[in-house]
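In: When you get a sec, could you give me coordinates for this:
(chains A, B and C)
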Amino acid sequence: MKQHISGSAKLGKDVLLGFNTVICDDVIIGDYCQIGHNVVIHQGSRIGSHVRIDDNTIIGKKPLSSPRSIFKPPVELKPAEICDFCQIGANVIIYAQCSIGERNLIADLATIRENVSIGALNIIGRNVTIENFVEIGNRNKFETNSYITAYSKVEDYCFIAPCVATSNDNYMGRDKERFEHFKGVTIRTGGRIGVNSTVLPGKTIFEDGMVAAGSTVTKDVPPETIVVGSPAKPAGKVKEAQLLKNNLDK
Amino acid sequence: MKQHISGSAKLGKDVLLGFNTVICDDVIIGDYCQIGHNVVIHQGSRIGSHVRIDDNTIIGKKPLSSPRSIFKPPVELKPAEICDFCQIGANVIIYAQCSIGERNLIADLATIRENVSIGALNIIGRNVTIENFVEIGNRNKFETNSYITAYSKVEDYCFIAPCVATSNDNYMGRDKERFEHFKGVTIRTGGRIGVNSTVLPGKTIFEDGMVAAGSTVTKDVPPETIVVGSPAKPAGKVKEAQLLKNNLDK
Amino acid sequence: MKQHISGSAKLGKDVLLGFNTVICDDVIIGDYCQIGHNVVIHQGSRIGSHVRIDDNTIIGKKPLSSPRSIFKPPVELKPAEICDFCQIGANVIIYAQCSIGERNLIADLATIRENVSIGALNIIGRNVTIENFVEIGNRNKFETNSYITAYSKVEDYCFIAPCVATSNDNYMGRDKERFEHFKGVTIRTGGRIGVNSTVLPGKTIFEDGMVAAGSTVTKDVPPETIVVGSPAKPAGKVKEAQLLKNNLDK
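Out: Below is the predicted model of the structure:
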């Protein structure tokens, strides 16, 4: 078998398909797409035009559920939707019920869970995890290995450096009270987080706030403020030349 | 080729097999399993019944060995064994000579090395690494990207937050003396470690001990004690509502 | 289809090929190689002899490019080159225009980008990322999940512990001035970095310098000096028994 293409899938014109690719029932792929080798596109997924998907990538995966998971995935999931001009690397996993806007770059080994919505023109780096129930705006940059916990919100033009970690459960899995308090992180427009920093559950980085490398954020970060250390404390204001309003060309 | 199934493999009833799946010699798969696309199950692996294995996952991989590795893998390895009702994500790699009990959830991109034994009902998150010679009990939760170094032991009901790092070599690869001192970490029943914390070689988190987010653990953590900072120091007792004995329903 | 092998590819003698393997045009593979299942080797890649490549690995991948990336990949890339006796794990991604010397071990899920040169006898651990424009010498050890940012240099006999993070942009993506200041990290011969430490842009670990676990390196680390903390400060000299000159047998 060179490829498996379901009879109910619809492919646009000039779509290139690699070897061993599996296109399941009711998938729709737009014009001029390039699909790599060993790619799996699950049932009903919708891919725009001019999309590149590299080898071994999986689109439209259904969630697992442990008998011990607090979150039960819905029985019926909407298909994954990936809009025009996205570029998707190798070994990426994008779940069902996930909506990805135009012109995003999603690098190798990234995982994007169900119930995620992503705007346009983001760069999502290698091995980045976007957990379930996350909302992402436009023109953000998530660098290699950064981790966005469930129930988070990232607005626009944010910068998340490599290996940034976030969390959403201050109770570390104990005490029934925690179910009322699960909360991810919020990064408002222009917020930036330095390499290998940690942001605690429910914390907000306000507009143009900046977290220095290796810090642990235990309190909200005020607008245009640099915080440093563990726990992170205010250490000055963001330089004028680095404010978002002076960097809107990119 | 729709699939490759060795003539000596034994499949139970109602097993679903994805496209391009490779089932090698002497593999045994129980009843009602769902095996995804591009899955590779190496020689002799034993899979229980009602097991789900998602796309691109590899079961029974043989270790590599560098001319410079201190650990030489045995020539003869026992097959991988995965018990009933496990759910295994996509792009997971489970080595030969690895034993996994019932009802574990092992998420996408996790890697579980040889000479590992895992009990029942654990949740092993996305991109978690369980290195070789690790022993894991029951009902633990290892969150996304957490890293368990070789020669570690994790008992029961432990909570390892996202991006937790551990290590086993205080000598950082120098001094022959180190070969007598390799030691992973020990997490006793109910121990919990916060997001992006680091635990040094040979350290023990005692029963219900708790490490705050972003800490560096350089000394053992006493029972029911919270430690914070780098180096982590005791900062109080774990709240009664968070003790394991008050949370045994899950 | 058992495999796809281009008519213009040249395979040496006694090469073992797994199922579903895709060998593209003009690929050259030396004698006695073992290539796993679902492996993809892109156009023109050159593999030496006695090389082992495990399941699902991709060799010779072409870079993606976001409309917002600061780095534009060249249109014409040299093929990937992998020398004799390398051992390469599963789900590894090695880009085009990447040169890898003899007897390296590259573990599962590692990614090595374009414009990287790697010497001989290195151990590159699971899920390690070597970003673009990095130069690596000989006999280094990069442990699981460690991250080497673009424009870095690692000489010989260095030890990078698990989950080490590095970065190359002090400006966090703002201010045009940053384009003149991008700089990765430099690790001189015998330098060592502890588990989950962070090294800031442009910093150098000098010969036999050592960074303790969980530290944040904001200044250069002098030769044979141990630094600790966030920010990391000198805390003593490296023990005689751990100096490289006393450990050259390995």
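
In: what about the closest residue to residue A:64 other than its chain neighbours, neighbour count?
Out: Closest residue to residue A:64 apart from its sequence neighbours, by CB to CB, 6 or more residues apart in numbering or on different chains: residue B:87 at 4.4 Å. Bear in mind the C-beta positions are built from the backbone N, C-alpha and C, glycine included. Counted with other CB atoms under 10 Å in any protein chain shown, the neighbours of residue B:87 add up to 22.

In: got a list of what residue B:87 touches?
Out: Listed by CB atoms under 8 Å, 6 or more residues apart in numbering or on different chains, the contact set of residue B:87 reads A:64-66, B:51-52, B:104-106.

In: Buried among the residues you listed? Make that a ChimeraX selection.
Out: Buried members of these, defined by 16 or more other CB atoms under 10 Å in any protein chain shown, are picked up in ChimeraX with:
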select /A:64,66 /B:51,52,104,105,106
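
In: can you list the weak-confidence ranges in chain A?
Out: Applying pLDDT under 70 to chain A picks out residues A:1, A:69-71, A:73, A:249-250.

In: Grab the most central residue of it for me.
Out: residue A:130 (3.8 Å; CA atoms, centre = their mean).

In: phi, psi of that one?
Out: phi -110, psi 110 (degrees, to the nearest 10).

In: Could I get the contacting residues of it?
Out: Taking CB under 8 Å, 6+ apart as the test, what residue A:130 contacts is A:110-113, A:116, A:118, A:124, A:136, A:142, A:148.

In: go on, residue A:162?
Out: A:125, A:143-146, A:195-196, C:147, C:149, C:165-167 are the contacts of residue A:162 under CB under 8 Å, 6+ apart.

In: Residue A:181 too?
Out: A:169-171, A:201-202.

In: out of those, which is most surrounded?
Out: residue A:169 (26 neighbours).

In: for that one, helix, strand, or coil?
Out: Assigned by DSSP: H, G, I helix; E, B strand; the rest coil, the conformation of residue A:169 is coil.

In: wait, it sits on residue A:185?
Out: No - contact criterion CB atoms under 8 Å: residue A:169 and residue A:185 do not qualify, at 12.0 Å.

In: Quickly list what's touching both of those two.
Out: Common contact partners of residue A:169 and residue A:185 (CB under 8 Å, 6+ apart): residue A:201.

In: Any idea what residue A:154 is bridged to?
Out: For residue A:154, the beta-bridge partners are residue A:136, residue A:187 (DSSP bridges).

In: where's it relative to chain B, distance?
Out: When distance is defined by CB to the nearest CB, to the nearest Å, residue A:154 is 16 Å away from chain B.

In: Thought residue A:214 was touching residue A:232, still the case?
Out: No - using CB under 8 Å as the test, residue A:232 is too far from residue A:214 to be in contact (9.7 Å).

In: quick one: which of these two has more around it?
Out: Taking neighbours as other CB under 10 Å, residue A:232 and residue A:214 compare with residue A:214 leading, 33 against 25.

In: Report how many residues lie close to the closest residue to residue A:237 other than its chain neighbours.
Out: Closest residue to residue A:237 apart from its sequence neighbours, by CB to CB, 6+ apart: residue A:224 at 5.6 Å. When neighbours are counted by other CB under 10 Å, residue A:224 registers 19.

In: Residue A:224 reaches residue A:191, doesn't it?
Out: No - using CB under 8 Å as the test, residue A:224 is too far from residue A:191 to be in contact (10.3 Å).

In: Identify the contacts common to these two.
Out: Contacts common to residue A:224 and residue A:191, judged by CB under 8 Å, 6+ apart, are A:207-209.
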